[in-house]
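Peer 1: here you go, sequence then predicted model.
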Amino acid sequence: MNYQKLDAPLSMALKDVENTEEHSLQVFIHTKPVSNAETTALENLGVSGVTNGKEVFTATLSPSAISQLSDLPWVEHVKLSQTLHLANQHYGMKRVSLL
């Protein structure tokens, strides 16, 4: 695995995964523009919606697949997708009146 291509949160998350074959990590994959052969390689690792010329992909992958991706020369880096929260979530539900 090429840890230089992984962001810190992903590196930490990889240490906590018990089953290296389970597709449990949501990631962003940044590549150089992909060709047909590279498209096939991404699809074989579990990335869907791959099209030629695209450079950023999202996927839920296993640590094993992430390891294989990080070793590919045309993959620039892989980042863990962060959980997003609503800005006012901790304030509870607000009522909105429509006139």
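Peer 2: Nice, thanks for sending it over.
Peer 1: what sits against residue 31?
Peer 2: When contacts are counted by CB atoms under 8 Å, 6 or more residues apart in numbering, residue 31 touches 38, 42, 55, 56, 57, 74, 75, 76. C-beta here means a position set from N, CA and C on the backbone, and glycine is covered the same way.
Peer 1: please redo it, this time with the cut-off set to 10 Å
Peer 2: Residue 31 makes contacts with 38, 42, 47, 50, 54-57, 69, 72, 74-78, as judged by CB atoms under 10 Å, 6 or more residues apart in numbering.
Peer 1: tell me the mean pLDDT for stretch 13-28?
Peer 2: Mean pLDDT, computed over stretch 13-28, is 90.
Peer 1: hmm, who's touching it?
Peer 2: 1, 3, 6-7, 10, 46-47, 56-67, 69, 77-83.
Peer 1: can we see that at 6 Å?
Peer 2: Contact with stretch 13-28 is made by 58, 60, 61, 62, 63, 64, 78, 79, 80, 81, as judged by CB atoms under 6 Å, 6 or more residues apart in numbering.
Peer 1: equivalent analysis for stretch 43-62, please.
Peer 2: Residues contacting stretch 43-62 (CB under 6 Å, 6+ apart): 21-23, 25-31, 33, 39, 42, 65.
Peer 1: neighbour-wise, which one of the residues you listed leads?
Peer 2: residue 29 (26 neighbours; other CB atoms under 10 Å).
Peer 1: element containing that residue?
Peer 2: Per DSSP states H and E, residue 29 falls inside strand 25-31.
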